[in-house]
Structure formats: structure tokens, C-alpha cells
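>>> take this sequence and fold it.
(4 chains)
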Amino acid sequence: MTVHAPNRGGMPKRLLDNQFVGGLALFIVVILAWQLCSSLTFVIPAPVRTLEVLGANLTDASYIFDLRVTAQSVFQAFLIGTLLGGLIGLGLGLSERARLWFEPLLVILNGIPKIVLYPVLLPLFGLIGAKVAMGVLFALFPVLINVATGVREMPRVYWKLASAVQANPWQKLIYVILPAIRRPLLAGLRLAVSLSVVGVVLSEFFATRRGLGRVVLQSYNHGDYPVMVATVVLLIAVAFVISILLWRWEKRLR
Amino acid sequence: MKPSGIEMSEVSVRFDTPDGAVHAVESVTEHVPDGSFVSVVGPSGCGKSTLLAVISGLQRPSSGAVAIGGKTVTGPDPSIGVVFQEDSTLPWRTVEDNVRFAMQCNGVGKGEQRSRAREAIELVGLAGFENAYPTTLSGGMRQRVALARTLAVEPEVVLMDEPFAALDQQTRIFLGAEVRRIWERTGQTVVFVTHDLSEAILLSQQVWVMSYRPGRILEVVGVDLPAQRDPAIVSSHEFNELHNRIWSVLQAESMRGFQQQEAARA
Amino acid sequence: MTRIARSVRVLFGVLVLLLAATGCVNEADGPGGRSGGNRLNISATGTDSLPFMAILQVGIDKGWFAKEGLDVSLYSGGGGGNTLRVLTTGDADLAIAGNTSVVLASRQHSANLTVVAPWFQLNDFHWIAPRGQHAPKPTLGYSSGGSSTELLVRGLQRKLHVETQAVGGMGDNWTAARAGKITAGWSMQPFTTEKIQQGAEILVDARKVLGDLPADLVAVNNDYANRKPENLRAFFRVVRRLDDFVVHDTAAAAKALAPLTGVSAPTMTRALTDTPDLAKGYSLRVDPDGLRRLSDLMVSGGLIEHPVDWRTTLDQRYLPAGLRTSAFGG
Amino acid sequence: MTLRLTERAETVARQPVSRRRWLGKGATSAVATAVLIVVLGLIFQACSALGLWSEADVPAPSTVLAEFGRLLGTGEFWGDLGRTALEVLLSIVFGCTLGLFAGVLFWKLPRVGRAFEPYLVSFYAVPLVLFYPVMIVLVGINASSVVILASVMAMIPMALNTTVGLNGIPPVYLKLARSVGAGPRRILFSIALPAAGPFVLAGLRMGVVYSLIGAIAMEFTTAQAGLGYRIRYLYETFESEQMFGYIFAVLVLSCVITLSLQGVERVLSTGGRR
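Numbering: from 1, shown residues only, chains lettered A, B, ... in the order given. Modelled structure (predicted):
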């Protein structure tokens, strides 16, 4: 007895039903609000001005170098965080005992404001290592938790099937576990991308040779808000685009 | 003559889907006499449930109308009770609170809620489980809770949408007998949707056979069996004859529905 | 199954591409490239905003360090804590950081660092307010607890009738002052000049109230100092040359400093010419009075209990002989 | 190897969801966690004693513990804790209430919900700290800027989880509600929110964790009081031992919050139904 809502909406309403159109409309509203705010307070540069500054920045070799430095650290943090998180998550998902022993500790660790660990990470990992380590800390947990939960909640019949066809552990991982947990895994990866950006950039605020975090901090200290906002917008935009693409992919998976 | 029972006149329901309009129900004009027990059978996807939804007021017909006791149905009403196919017990409420839920929504006084809930719970044979939570009950018991919730409001009409579809064979035979027993006691008008032909014949006074899209009532078959229905009756000659007669209509429809669905998928 | 396999392959390809795009970047290099010779890693606070820090970059750009055989790499740590910690981790060999941070760090038992020189011994701190913004009891912003600006603001509080409020960096302070959340915010050159051009006025000149003291101190990693003392001497020789450049060829220096600190060349020229005693600021000659003042302010501000014994704290041996002081004895 | 992998998986799957067993497991977990923490502490202690890292950079656990004990006796610590606790509490209240409202709104108006969804799911990409200058102008230099940004942090998971929970309500509940003539308020409070309960609770838990993370992170980078600020202050002034005492305090605090939340959630989600 499915109760269908009769579609009485006209063209505009039907258009809004499309998520892309809706999201775009919201985006435009946000830009308009931004424009409005920028005319109210001096802290916020107007959207057009920000875009101009961003364009100018992106043609600057030094800025591109900063961008590459940050991208490299983010990439390393993401890679290490995902691999580590995936492995630990797999372990926790497969072994009830491991879960019993380590899960509460990991839940507690996840609840820690990781930023306060920067003073610990810096002496332990050094200048470049610390920001990657911070990115790893940020990226690790969503992957870990999602993989562990995904593996644990796999339908039992998959295990039976895998044993029945005598799959070796590697085959089980590739043909059974990974496909079975693809959705939570992707969701974890999506969060990991965003969070590794945040982790690395936050660390760069504290100490770094180069990187976009340094650019943000410098412009911030100068009160040069257009450059700061342009860089922040760039960071957010990149993280947003990647995470939305992953999210679309995740939604389309069956 | 005073209008009574359920009166359906030219009821049609069409849905707009991306693949074009679907005629779930097409020009159904039938009458369910007051206090009678009618079953609706038909191939899956034929619009049985949609028809029931129209009677309950949950679904507006695209054209035509349904009247109960002479009053046109415009929306859900306390005089119409519905038992759903899915488990509709609320897991955060006890059995008794589940049963009281419908009464709460209809402004029944607190004291009366309590006594009527106890009564209904007893009627469906769940006495002693008042304070249990649905998660601790079996699927059959949960459907009894849903039944009690519906009965406690004391509706004139009880609509059942494949209420036992998710249960195992023994439970459904047993619960079916219970429903029949309760109906004999309360004398409410019952419309019972099912895809199980034996169940329909065993329980009701009339069996309506519905066609695959567009959903029409192909045939109304009176069940001429003794009022006292023992499950053993399924092996009787009369029962078999009825079964064969309805099945011959139904089989052709099912085949047509099956082929259409396959074609749509290809 | 094949879908998944294909997805995994696509993902893998994307990762490899990303690796290719982002990999092989060595932060220490910078776009400028590198020369051979002895490496000296410097961490400093404010290399991108303060001219007396940015001159190090000028030295690198002009190749003066290279001429002395030094391969200098410079990076900015936000705040004294970070700047000095990379010194103890060995990421940096020499650090130039806020006066209080260096003094406090040097008092840590196993900090593994030595203070070797004062840096920019001119009190260039101003508190600037939007023009016309006055208050009977003005609120002065400072950066944060334990910072040089807090030290000064506490000193000002004892001598003037003011309130204080921790805000953040110069940018934050100026923002807060413009929004009326504080009366005036701390500022240094060229920020002061730039904001005056944009409608600010100086409310408090810390130099007039408190006198001169070094803004920063230079500290070195002990291991590095033991291994390469000659590098440190070379470093100070170049700094001396840079100081002379700023003092005697101010216009050219301003032109070199302007892009590094994000202001226009005229603004930087103005900022340098407005600096009250340029020759004192851009000089390594140790000013014992300034150091004593720093110690006194720290004691009265409650940061340390006993005055700093500069004779044991300051190791002047890497400074050119003519610039050392004997005022502390030893 | 093949066998063992399968066996383990089978054990996982075969675990009965029984409450008494769970309590038993809970005890095991608690003991295991305590043991792990002690072991990790000892390892750190040993590393410190062996001089793997400098005592000035990372003090030994015994030093940190002693320092933590000393801190508990100082008024400054309780002042900082009070400030942080107030900020966290306020941001939990504001953030979770707003998140709940937003979630209900997104459920009621699916078009709006769909439009917001992509932004919400990728919201964590925004380092909120960067909005600090805007906050200075809007609300001044005080706890409210921390509270506002931490509230936003808490709001997002709450809104997301509430929406997911509400959209995942079995359709039959809503059909039932309509068939018995329940009004919109009754549908929301008697059907929708209880049905989405586990999700809302999970959202609440995440909201609480995020407001703690948000508040401390904001304090650490920008604020002028609170535990996060004190850590930064001690970091800048090279009071390593005291700083680690405070870091330890934050770890203890988040540990206490996480554990008590799990307890509350368990009582709310299972206690009421038995």
C-alpha cells in the first residue's frame, strides 16, 4: 500500500526536486548572503574580489609551491590514515577479541580534541612529520570506525559462501569483504579526505616552512582578508568537490 | 433503504510514473454489506492494497468515490480501522500503550482507554503481555497487538492488508481462525486483502478476484460454506470446488501479470 | 564484481596521478633552488610581516649568506612556542623568537638551546586605534598570554590608566579595534605605517613609556653550535652587513623588504624612516640596559621569579667582537 | 589461515545479542581498556627512562600524573575547566537543539533537505577556526565566539543524523499514524522522534564530542581562557610539565564524556524497552 504523493508541482518545483538544482540554488543563496555580509563588515571581502585574488594567487609560482606542499602532506596523511585505519578497522571487524580489547580505547581516542596533541607530535615527528601525523590522526578514525562496523555487519552468508568456494584470505578480502563494505568504506574515505585537509592546514598554522596554512596565517596576521578568504575558499572548494564526488559515487553504489 | 456497508462507485486510481500512467484500480463499483467478511485476492501488483487504501481514506481515488454507512470517505476516520501487512507495532511502547495509541489520537478518555485496551488485548489472546515490549514478542503476537489496537477503537469497518503475509504457515492458519472468531463476536464489516486463496475462502463470505493492471474486480464469488469453519474444511469437496473455480480465473490473471512485468523489465 | 574491480583500478589510477602531481616537493627547497655549502636552518617568528625578520630573506635572495658559504633556509613558526620547539627537535639550528619565549625556553633544564644575541633592540611596539576612538580608560589588546606584547601591556598597565584584553595577532587586534571591541591594538612597523595611512592613530607609544628592550632573542641548538661554531659567526657577519644595508641604504632596503612583508615599497620606506632609531634597531651591538629592562619587566609581570642573570644566560661568543658587551661581567 | 579467518568471522556473527552477555563483555572491555592504558603508560615510562626522547619535550607519564594531581589542587585549573565546561555545555545545548530542528525541517521539507545534504556531508572540510576574525566583529572577544563555532560543529552531526533517522522511519509507522488520525505534533513526538531515536541519540553523542573538540580547538588557537587556551599558553611559555598535565586533563575529560555518553545512550536505547 504505497501512498504516492500526487505530483502536483509545476516546472519550478519539479526542478527543485533535482538535488543538483537545489544545491545550486542554495549555493547562489549563500553567495548572495556572502555579498550582503561583505557590504556590512570590513572583515569579509566581496565574492568577486575574492575570486580575483584567487585567480592572481593561482598564477603566482610561490603560491603554487605552497599549494603543492600542502597537497603533498594532505595526500600522505590521507594515504597513511586510510591504510592504517583500514587495517585496524579490518582487525577490529574480524576479531571479536580485538574489538573487546581495543574498541573502547579507540572510541575514547576519537573523542579527543586532536589539536591539543600538536605539542606532543612536534617533538616526536619533527616539523614536516608533525603535520602529516596530525592529518593522519584526523583521517584515521572515520575509516577505522566505518571499516570495523562494515566488516562486523556483513551478512553471515557471505562468509559461508567464501568458505564454500574455498577462497583464500586475500580472495576473501578482495572479492568479499571490500565489495561488501564498499559503502561505509567510501563514506569513511570521504570524511578522511576532508579531515586530512583540516588536520594538515591546522598544523601549518603552527609551524611550517611552506604551505597554504602559512599563507592563510600570514594574510591573517596582516589583516589581508581577501588573500586569507581566497585561500580558505580554495581549500574548502577542493575538499568539498572531492568529498561531494565521493559522496555521489557512494550514493550510486548499489 | 438506509445506506449501509461499504459502497464503491466507479473508483479509479492512476499513478504517474516515469514510464507512464499506471491504472492500479479501474472503475470498481461494488458493495460490501454491513457486517460481512469480504476477501480480495489477485495477482501481486494488481492494486488490491490500493483499493484498500482508498476505502481507508489513506489514498484519494483519481475518480469515483467510496461511502461507508452513506458517508463519503474523505480521509482517515476513527470508524475505519486498518491492520497493515508490515509490523506496525511501535517498539518503544509496551503492548498496552501500543493498543492505546489509536485511542489517544481519537481523544478517548484515559480510564476508558485502559479498560478498552485490556478488553482488546484479551480478545486477541494476549492477556498477561500488557507490559511486554514488542521486541520481546513473536511476529504473530505483534500482529495481534496491531489487531487489538485496531479493534480497541471499535471501528465499524476493519480493513486488513495482507496482515499475515510475513508470518509462517501455521501461525497464519491459527491467526486466521482467531480473526474469524473475533469477527463472529464483534460483527464488524471486514475487508481482507490476501494473496492466499485458501485463506480467503476459509475466512470470508465473499471472495473478490481482481485483475492485473488495470485493476478491476473480475468476479465476486460467494463462499457457501458453513458458518462454523474448521481448518479441516480445506479438504472438503465444496472447498476444493470453490478453490478450483477461483484459481482458474486467478491463474490466467497471474500469468498475464507475470508476463507484463517481465516485459517491462526487459 | 568487475564493477568493483574497475572502480578500484580507477581509484588506484587517480591516486597514482595525485602522487605524481604532488610528490617530490621538498618544502625546504622553495622555488629558488639551493646552493651547496654549510646548511643553516633558521626558524623565526614573523619573517613574513616584520622587516627586521624579513631582512634574513633579503640576505638569502641577495646571495650574501651563500657568499659566506652558508646555505640558509628560513621558515616561519607561529609564536615563540613553535619557533623554539623546532630548535629542540633539530629541525632548526637557529631560532629568532619573542623575548619572553626565548628566556623561558632557555630556563628549561634539557631544552638544549643557548641564547646567543638580542635581536632588534628597539621598542617598536605601538598601540594604534581608529582615528578619534578614545576612551577614558582605554582597553589595549595584546596577542596572548606569555607573549612579548603581554609583557609590555602589563608594564603599560602599571604606568598608565588602561585595561587589557588578549586578542591575537596584529590583524586581529586591528580588526577588534575597528569593531570597537578594544580601544587600540598592538602594532609594529610596517603595519603601523600602513594602518596610519588607512586612518589609524597611535594611542600609546611603548618606547616612550617603557624604554627600549630587545623584541626578540636569538637562540641556537647546542649540538649545532658545538659542531659548527664558524657557521654562527658567519651568520652574524651577514646580519651585520644586512643591518648596515638597512641603515645606510634605506630606500633600497625598503624596496627589497616590501614584497616580503606584503606592503608597498613607499609604505615600507615610510615605515623605516619613521622608525625612531633605525641604527639601534638594526644593530647587533648588545644593549645591556634593554636586556635588564626585559628581565625587570618579566619579573614584575610574574613570568619569572628572579631577574635573568645575563652573564650566564647570554653566550656572546659568536658575535663579532666589537658588538659584545662587558656590562654583565665575565 | 583460511580456517582461522572464517572461524573468527563466524564467532562474530554468532554472538547472541543478549543483555547479560553484553554486561559481561562490557566488564571485559573495561578491564581490557584499563590494562591497555596502564601498559601504554608503562611503555611510555620505559621509553622516557631510556631517554628515547627528551624529558623536556615529552615528560614521563609519572611526571605528568604527578603534575595532574597537583593541578587538581589549583584554583586556576578549576577556573579553566569551568570556562571550558560552560562553553561546551552551551554549545551542546544550542548546537544539538538547532541540529534537531534542522533535521526535522529537512525531513518535513525534503526539497530543502536534499539541497542542503551535499553541503552538510562535506562540512567537516571547513576549518571553522578561520571564522574567528568575523566572530570578533560580530560578538566581540569573549566566550560567545567559541560557543558559536562549537555549536556549529555540534549541529552538523545532529542535523545529519536526525534527518537520516527520520527518513529511515518504516513507512508503515507514518501510514499507521495517518490511519488513526494523529495530528502533526503527535506524529512528530509520538512516532517520528521515538522511531528515529537511536539515530538522534547517536547524533547527540557525536554532537557532544564535537562540541568538546570544537571548543577546545577554538580555545587552543584563538581564545583567551579555558583548558585549550591554557595548553597553548603553557606551550608558548615552555612550561612543559604543566602543559602535559593539562593535556592529560583534556584526555581525561573527553574520556569521561565519551564513556558517560555511551552509558546514557545504552540506558536510553535498551533500558526503556525491557
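
>>> and the strand or helix carrying residue C:156, what's buried?
For residue C:156, the element it lies in under DSSP states H and E is helix C:148-159. Neighbour-count burial for helix C:148-159 flags C:148-156 (criterion: 16 or more other C-beta atoms under 10 Å in any protein chain shown). Every C-beta, even on glycine, is put in place using the N, C-alpha and C of the backbone.

>>> do the same with stretch D:176-194
Neighbour counts over stretch D:176-194 (16+ other C-beta under 10 Å) mark D:176-182, D:186-188, D:190-194 as buried.

>>> likewise for stretch D:148-168?
For stretch D:148-168, burial by neighbour count (16+ other C-beta under 10 Å) applies to D:148-166.

>>> for the stretch 51-200 of chain B, what lies in contact range of chain D?
B:56-58, B:76-78, B:80-82, B:84-88, B:90-92, B:101-102, B:104-106, B:133, B:135-136, B:153 (C-beta under 8 Å from any C-beta of the partner chain).

>>> got the domain boundaries for chain D?
Domain assignment for chain D, taken from automatic domain parsing, gives D:1-52, D:55-273.

>>> weakest of the ones you listed in terms of mean pLDDT?
Note on the domains of chain D: domain D:1-52 shows the lowest mean pLDDT, a mean of 60.

>>> give me the phi and psi for the residue in the stretch 51-200 of chain A that chain B sits nearest to.
In the stretch 51-200 of chain A, the residue that lies nearest chain B is residue A:153 (18.7 Å; C-beta to the nearest C-beta). Backbone torsions of residue A:153, given as degrees, to the nearest 10, read phi -100, psi 10.

>>> separation between it and residue B:131?
31 Å (C-beta to C-beta, to the nearest Å).

>>> out of these two, which sits in the more crowded spot?
residue A:153 (13 against 9; other C-beta atoms under 10 Å in any protein chain shown).

>>> now do the contacts for the more buried one.
Listed by C-beta atoms under 8 Å, 6 or more residues apart in numbering or on different chains, residue A:153 has no contact partners.

>>> which residues in chain C form strands?
Using DSSP state E, the strands of chain C run over C:38-44, C:70-77, C:94-98, C:113-119, C:126-130, C:139-142, C:163-166, C:185-187, C:200-205, C:216-221.

>>> any chance of JSON lines for these, columns mean pLDDT, distance to chain B and mean neighbour count?
Listed next are the strands of chain C as JSON lines, based on pLDDT from 0 to 100; distance: least, C-beta to the nearest C-beta, whole Å; neighbours: other C-beta atoms under 10 Å in any protein chain shown:
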{"stretch": "strand C:38-44", "mean pLDDT": "86", "distance to chain B": "59", "mean neighbour count": "22"}
{"stretch": "strand C:70-77", "mean pLDDT": "81", "distance to chain B": "55", "mean neighbour count": "23"}
{"stretch": "strand C:94-98", "mean pLDDT": "89", "distance to chain B": "59", "mean neighbour count": "28"}
{"stretch": "strand C:113-119", "mean pLDDT": "89", "distance to chain B": "63", "mean neighbour count": "23"}
{"stretch": "strand C:126-130", "mean pLDDT": "91", "distance to chain B": "59", "mean neighbour count": "25"}
{"stretch": "strand C:139-142", "mean pLDDT": "89", "distance to chain B": "53", "mean neighbour count": "26"}
{"stretch": "strand C:163-166", "mean pLDDT": "85", "distance to chain B": "49", "mean neighbour count": "18"}
{"stretch": "strand C:185-187", "mean pLDDT": "91", "distance to chain B": "56", "mean neighbour count": "31"}
{"stretch": "strand C:200-205", "mean pLDDT": "89", "distance to chain B": "62", "mean neighbour count": "18"}
{"stretch": "strand C:216-221", "mean pLDDT": "90", "distance to chain B": "64", "mean neighbour count": "27"}
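
>>> would you mind giving those as a markdown table with distance to residue D:84 added?
Listed next are the strands of chain C as a markdown table, based on distance: least, C-beta to C-beta, whole Å:
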| stretch | distance to residue D:84 |
| --- | --- |
| strand C:38-44 | 31 |
| strand C:70-77 | 26 |
| strand C:94-98 | 26 |
| strand C:113-119 | 32 |
| strand C:126-130 | 30 |
| strand C:139-142 | 22 |
| strand C:163-166 | 16 |
| strand C:185-187 | 26 |
| strand C:200-205 | 32 |
| strand C:216-221 | 32 |
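
>>> any low-confidence regions in the stretch 1-150 of chain A?
A:1-17 (pLDDT under 70).

>>> hmm, try it at 50
Applying pLDDT under 50 to the stretch 1-150 of chain A picks out residues A:1-9.

>>> tell me where it has strands.
In the stretch 1-150 of chain A, no strands are defined using DSSP state E, counting those that start in this stretch.

>>> near chain C, which residues of it are found?
Neighbours of chain C within the stretch 1-150 of chain A, by C-beta under 8 Å from any C-beta: A:41-43, A:61-62, A:65, A:68-69, A:71-72, A:74-75, A:79, A:119, A:122-123, A:126-128.

>>> and the stretch 51-200 of chain D, which residues reach chain C?
Within the stretch 51-200 of chain D, the residues that sit near chain C (C-beta under 8 Å from any C-beta) are D:54-57, D:132-133, D:136-137, D:140-141.

>>> helix, strand, or coil at residue B:9?
Counting by DSSP: H, G, I helix; E, B strand; the rest coil, the backbone at residue B:9 sits in strand.

>>> check what pLDDT it gets.
86.

>>> so it is in contact with residue B:29, correct?
Yes - using C-beta atoms under 8 Å, residue B:9 is in contact with residue B:29, at 5.2 Å.

>>> any common contacting residues for these two?
With C-beta under 8 Å, 6+ apart, residue B:9 and residue B:29 have common neighbours residue B:64.

>>> neighbour-wise, which of these two wins?
For residue B:9 versus residue B:29, neighbours defined as other C-beta under 10 Å are more numerous around residue B:9 (16 against 12).

>>> could you check how far that one is from chain A?
Distance of residue B:9 to chain A, given as C-beta to the nearest C-beta, to the nearest Å: 21 Å.

>>> that residue bridge partners, please.
Assessed by DSSP bridges, residue B:9 has beta-bridge partners residue B:65.

>>> report the secondary structure state of residue B:166.
Going by three-state DSSP: residue B:166 is coil.

>>> what separates it from chain A, distance-wise?
Distance, residue B:166 to chain A, by C-beta to the nearest C-beta: 14 Å.

>>> again, but for residue C:75
Residue C:75 is 4 Å from chain A, by C-beta to the nearest C-beta.

>>> was I right to think that residue contacts residue A:208?
Yes - here residue C:75 reaches residue A:208: they are 6.7 Å apart, a contact under C-beta under 8 Å.

>>> need the residues touching each of the two.
Going by C-beta under 8 Å, 6+ apart, residues that sit against residue C:75 and also against residue A:208 are residue A:127.

>>> if we can go back for a sec, which one of the domains of chain D lies nearest to chain A?
domain D:55-273 (3.2 Å).

>>> follow-up on the earlier one: so of the buried residues of stretch D:148-168, which ones are in helices?
With DSSP state H as the criterion, helices contain D:148-166 from among the buried residues of stretch D:148-168.

>>> show me the contacts for the residue in the stretch 201-330 of chain C that chain B sits nearest to.
Proximity of the stretch 201-330 of chain C to chain B (C-beta to the nearest C-beta) peaks at residue C:262, 56.9 Å away. Residues near residue C:262 by C-beta under 8 Å, 6+ apart: A:218-219, A:222, A:224, C:48-49.
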